[in-house]
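Novice: coords below, sequence missing:
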């Protein structure tokens, strides 16, 4: 086997430098992962707080988010239960439950105008005046 003169034997100092750089990069990568996990936890808790009816999301500062961990799907374990406990402990941060339902489906029929036979005399007079005004 002949040695290639263009390929230099790695210097132990170079290898040690590369190991140090790799260690620093791993440390930065771990810091970035922790930071992104904290942001994701905060975003998940904000979404859960909105669903629970929190009036001011600054109330999330009262929660200790450092103890929360993400599962393998990227979700917080029992976020709904935690928000329920928080709502019981600090009810003034949450609004009164709404009687309206935001999940009602829109009508499949287009809106229609009232027929003249369905109007009162006053409604008929207003509608007739509007039509006559459009004509002229």
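Specialist: That came through fine. From a predicted model like this one, the values you see are computed outputs, not experimental measurements.
Novice: gap between residue 59 and residue 75?
Specialist: Shown here: residue 59 relative to residue 75, a distance of 21 Å by C-beta to C-beta, to the nearest Å. To be clear about C-beta, it is placed using only N, CA and C from the backbone, and glycine gets the same treatment.
Novice: Low-confidence stretches in the chain?
Specialist: 1-10, 97-104, 136 (pLDDT under 70).
Novice: Could you rerun that using 90?
Specialist: For the chain, residues meeting the criterion pLDDT under 90 lie at 1-17, 34, 36-116, 130-131, 133-136.
Novice: what are the ranges of the strands in it?
Specialist: Taking DSSP state E, the chain contains no strands at all.
Novice: ranges for the helices of it?
Specialist: 12-52, 79-89, 121-135 (DSSP state H).
Novice: will you turn these into JSON lines that also has distance to residue 112 and mean neighbour count?
Specialist: Listed next are the helices of the chain as JSON lines, based on distance: least, C-beta to C-beta, whole Å; neighbours: other C-beta atoms under 10 Å:
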{"stretch": "helix 12-52", "distance to residue 112": "36", "mean neighbour count": "12"}
{"stretch": "helix 79-89", "distance to residue 112": "42", "mean neighbour count": "14"}
{"stretch": "helix 121-135", "distance to residue 112": "14", "mean neighbour count": "10"}
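Novice: okay, those helices in CSV with distance to residue 95 next?
Specialist: Formatted as CSV, those follow (distance: least, C-beta to C-beta, whole Å):
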stretch, distance to residue 95
helix 12-52, 10
helix 79-89, 11
helix 121-135, 38
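Novice: Mind checking the ones you listed for the one nearest to residue 70?
Specialist: helix 12-52 (5.8 Å; C-beta to C-beta).
Novice: In space, not sequence, find me the middle residue of the chain.
Specialist: residue 47 (4.6 Å; C-alpha atoms, centre = their mean).
Novice: returning to that earlier point: which one of residue 59 and residue 75 is surrounded by more residues?
Specialist: residue 59 (15 against 12; other C-beta atoms under 10 Å).
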